[in-house]
Structures are given as C-alpha cells and as structure tokens.
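> Dropping a prediction and its sequence here:
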Amino acid sequence: MPHLESHYPTAMNTLVYRLASSDLLLNLIREDRDNQDNWVRIDSVALQVRKACELFLLGSTLTHFADGAGIDLSHWHPKDTFREIQRYNVHPLPFPLEPEFRIYGETKQFVPASKPLPFATLASIYGQCGNILHVPTAAKVLDEKVPSFDWDKYRSWVDGFTSLLKGHVLLLPQIKRVLVCTWTGNPHESPHSILLEGDGEAILQTDGLREFDLLVP
C-alpha cells in the first residue's frame, strides 16, 4: 500500500526537475532564436511539460489509492486515470493556495486561491504537447496544418505549473484529511508535503472562488 507522505512528495520532487529543465530550455530558445538545433530544445520542453501533466495525475492517483480508493492502477491514459480518481472525489486534482496564511488567534488557515485545476486544462496541455512530439498525419501535412511551437504558450504553462507547485492542496475524502504541498521555488530544494486532519469531511466549497487561471489552455 503506498504511503501518503512518501509517494506524493516523490512525484512532486520529480516535477521540480522537469520544470527547471523546461525553464532553462525556454530561456535558451528565446536567447538563441536562430539556432538550427532549437528543434531539439523544443521537443524536450514539450516532453517535460507533458510529463508534468502526468506527474500531477500520478501524485493524485497514488494519494487517493493510499486514501482507500479502489482504483485500477493499470490505467495510465490521462482520461482513464482521471475517470478512476473522480469516482472517489469530485475534485481529485490540486487547487492552488494563496501565498499567505490567514491567522485566527493561534490557528493558521490555508486559503484557496481559485477553483481546482480542471482536467480539461490538463488534457488540453497534454494533447498540445503531443502535437509537437508526434509526427503529424499526412492529411495535416498536405493541408499545411502542422502545429508550430508557441513559445509564449509554453512559458505560461511552465510558469503556471511552477506557481501551482509552490502551494496547493489535495482533498482526501476517504480519511477526511487534506494533503498540503508547498515549495520555495528553489530548484535545489524539494517540495514539502504535510497531512492535516479536520473535524469533518475534506470538502471544498467552490462557490465564490474564481476560475482556475494559472494556466492558459
């Protein structure tokens, strides 16, 4: 049985490396636009961002499995994986936190910054990265519809994932806890994850929260 406080940090720590690599490569592409080998950098950025999508899903899947959800771990296509964890949690993906606590007496309260990361956003990013990595169909080649690399779009995705990693929460309804993950933003430091117990169910009231907008599909 996976352990809640070991598997999720491992997935998030791997995510740090992927984001740091993407950040470096994006800067190199922008600084050296005419380099004929930029296609190698572009492919690597698309691969790392695509794997970032998978790591958020992997972390959530392992955590919900350890939470007691009867998940079929053999599925590993994003849509199948999300469908599995959504059966046990209405909001199975992380939602971002405000950078500062709210203090009530001696109590610190985490405050959601927006609604949770929508799967549609994650799936869209995953698919667009695949369009860069995979050879297009012959029809797209003939119709001149081969997708190009949009530097600004990938920069927004990397920055968005970085912001999300700096502070987010996973709800664990089976054991009535929340898993809080924070990160300093330093690529040489690991994210920190803690389990917090509550007096009632681990639920999120999304009424009044703004839409998730750290990432642009």
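Noted; the coordinates are in hand.
> for the helix or strand harbouring residue 160, packing partners?
Per DSSP states H and E: residue 160 is located in helix 151-166. The contact analysis (3 or more C-beta pairs under 8 Å, 6 or more residues apart in numbering; DSSP states H and E) places helix 151-166 against helix 4-31, helix 38-66. Glycine gets a C-beta too; all of them are placed from N, C-alpha and C.
> Pick the most deeply packed of those helices.
helix 38-66 (a mean of 21; mean count of other C-beta atoms under 10 Å).
> roughly how far out does it sit from the chain middle?
For helix 38-66, the separation from the chain centroid amounts to 8 Å (computed by C-alpha atoms, centre = their mean, to the nearest Å).
> Quickly find the element holding residue 206.
If you go by DSSP H and E, residue 206 is not part of any helix or strand.
> What separation do you get for it and residue 95?
Using C-beta to C-beta, to the nearest Å, one gets 8 Å for the distance from residue 206 to residue 95.
> shared neighbours of the two, anything?
Shared contacts of residue 206 and residue 95, defined by C-beta atoms under 8 Å, 6 or more residues apart in numbering, are found at 115-116.
> Give the residue from those two that has the larger number of neighbours.
residue 95 (21 against 15; other C-beta atoms under 10 Å).
> State the distance from the more buried one to residue 164.
9 Å.
> any shared contact partners between the two?
By the contact definition C-beta under 8 Å, 6+ apart, residue 95 and residue 164 are jointly contacted by residue 117.
> quick one on the thing from earlier: buried residues in the helix holding residue 160, which are they?
154-166 (16 or more other C-beta atoms under 10 Å).
> worst-scoring helix or strand of this protein, pLDDT-wise?
strand 102-104 (a mean of 65; mean pLDDT, DSSP states H and E).
> got a list of what residue 139 touches?
Neighbours of residue 139 in contact, by C-beta under 8 Å, 6+ apart: none.
> Pull out the buried residues from the helix or strand harbouring it.
Here residue 139, judged by DSSP H and E, is contained in helix 138-142. Buried residues in helix 138-142, counted by 16+ other C-beta under 10 Å: none are found.
> Check the offset of that helix from the chain's centre.
Counting by C-alpha atoms, centre = their mean, helix 138-142 is centred 32 Å from the centre of its parent chain.
> Take that helix, keep the C-alpha atoms, and write them as CSV.
Extracted as CSV, the C-alpha positions of helix 138-142 are listed here (Å, rounded to 0.1, in the frame of the first residue of the first chain):
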residue,chain,number,x,y,z
ALA,A,138,-0.3,13.0,-43.9
ALA,A,139,-3.6,15.0,-44.1
LYS,A,140,-2.3,17.7,-41.9
VAL,A,141,1.0,17.9,-43.8
LEU,A,142,-0.9,18.3,-47.1
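> Rounded mean pLDDT for it, please.
What helix 138-142 shows for mean pLDDT is 76.
> for the protein, which residue is closest to the average position?
Nearest to the geometric centre of the chain sits residue 56, at 4.1 Å (C-alpha atoms, centre = their mean).
> what's it in contact with, if anything?
By C-beta under 8 Å, 6+ apart, the contact set of residue 56 is 11, 15, 93-94, 117, 122, 161.
> hmm, try it at 7 Å
93-94, 122 (C-beta atoms under 7 Å, 6 or more residues apart in numbering).
> what pLDDT does it get?
In this model, residue 56 carries a pLDDT of 94.
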